[in-house]
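> Sequence below, structure please.
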Amino acid sequence: MLSVLISLVIASLFGGALFLTTSLPEIVSIVTALAAFTLIYVVMLKQVMKRVGDAMDLVQKDIMSNRPDAAIHKLEAVQKKYAYWQFFIKKQMNSQIGMVYYLRRDFKKAYDYLEQGFVRHWVAMAMLAIIQMKRNQPKKMISTFDKAVSGTRREPLLWSLYAFCLEKIGDRNKAVKIMEKGLKKIKNDELMTANLEALNAGGKMKMQGYGDQWSQFQLEKQGAMIRKQTKAMQGRRKIVRR
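I've put the predicted structure just below:
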């Protein structure tokens with residue numbers, strides 16, 4: 001990465017100059033060079049991440065305004081400009097681009113990017129696993145979910161999604177084990193507890209409690225989602241009238 005290389009070159013030159021132009025012990029020059037490397041790298045990291053963060057704010061506005069093509073264009077520009085400056089930026093942008101394609105229901109393009117995404121981006125990893133489930137690739141799905149929960153252990157929806165997909169492919173026993181494992185990590189989560197009880201009773205998991213976070217994964221038919229949203233809005237209107 002360029003930031004590491006530049007920091008290393010500048011710190012080495014500084015340490016070398018200090019050693020050659022002073023009578024200080026060699027260890028002092030080495031320690032000073034290491035300190036200089038750390039300082040330069042941190043400053044460069046903050047600058048790069050600030051610029052990436054500013055670009056991501058614009059991407060978010062495009063997504064909220066239903067401009068997915070503009071969002072993808074900006075993400076690709078960020079990837080091209082900063083991928084070689086800091087670790088994982090390329091993978092993170094792949095995850096973001098894949099998520100935009102997923103939300104557009106262009107699952108083929110989404111898969112290509114998500115597969116090259118960042119393992120600690122749990123939403124993108126879950127989307128990848130769901131596509132693998134839809135492609136009838138249960139082993140790949142399980143492997144992807146395992147990587148996701150290894151990197152993000154305390155996200156209730158991730159564990160619930162894993163169990164939901166397992167139940168959907170007919171592996172209820174493993175779904176129960178996953179929920180039990182997740183509850184050991186998260187402790188006293190009401191939605192997870194209720195869904196575990198539903199699985200043990202032979203029922204279906206209820207995921208609507210996760211709200212928009214759940215909806216983005218598009219695991220319910222659009223008609224069913226619209227009916228539920230309409231019902232919720234009608235309920236809110238009744239409350240307002242009172």
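
> ranges for the helices of this protein?
2-21, 26-64, 68-82, 89-103, 107-114, 122-134, 138-151, 156-168, 172-186, 190-200, 212-215, 222-241 (DSSP state H).

> what's the burial count for Asn188?
Burial of Asn188 is recorded as 7 neighbouring residues (other C-beta atoms under 10 Å). For the C-beta atoms, the positions are set from N, CA and C on the backbone; glycine is no exception.

> quick one: it from Tyr162, how far?
19 Å (C-beta to C-beta, to the nearest Å).

> for the chain, what are the low-confidence residue spans?
Where the chain drops to pLDDT under 70, the residues are 1, 222-242.

> Point to the residue nearest the middle of it.
His121 (2.0 Å; C-alpha atoms, centre = their mean).

> Spit out the contact partners of the closest residue to that residue other than its chain neighbours.
Nearest in space to His121, with sequence neighbours left out and distances taken as C-beta to C-beta, 6 or more residues apart in numbering, is Ser95 at 4.2 Å. The contact partners of Ser95, taken as C-beta atoms under 8 Å, 6 or more residues apart in numbering, are Tyr113, Leu114, Gly117, Phe118, His121, Ala124.

> make it 6 Å
Counting by C-beta atoms under 6 Å, 6 or more residues apart in numbering, Ser95 touches Gly117, Phe118, His121, Ala124.

> got the contact list for the second one?
Think Phe118. Neighbouring residues of Phe118 by C-beta under 6 Å, 6+ apart: Phe88, Lys91, Gln92, Ser95.

> Most neighbours out of these, which is it?
Counting neighbours by other C-beta under 10 Å, Ser95 leads the contacts of Phe118 with 25 neighbours.

> Let me know the distance separating it from Ala17.
As judged by C-beta to C-beta, Ser95 and Ala17 stand 42 Å apart.

> likewise Val52?
Per C-beta to C-beta, Val52 is found 33 Å from Ala17.

> One more: Ala126?
51 Å.

> And these two? Which one has more around it.
Neighbour comparison, Ala126 and Ala17: the larger count goes to Ala126, with 25 against 12 (by other C-beta under 10 Å).

> ok, for the more buried one, nearest residue in space, not its chain neighbours?
Ala126's closest residue in space is Leu161 (C-beta to C-beta, 6+ apart), at 5.1 Å.

> Kindly report the same for Ala124.
Ser95 (3.6 Å).
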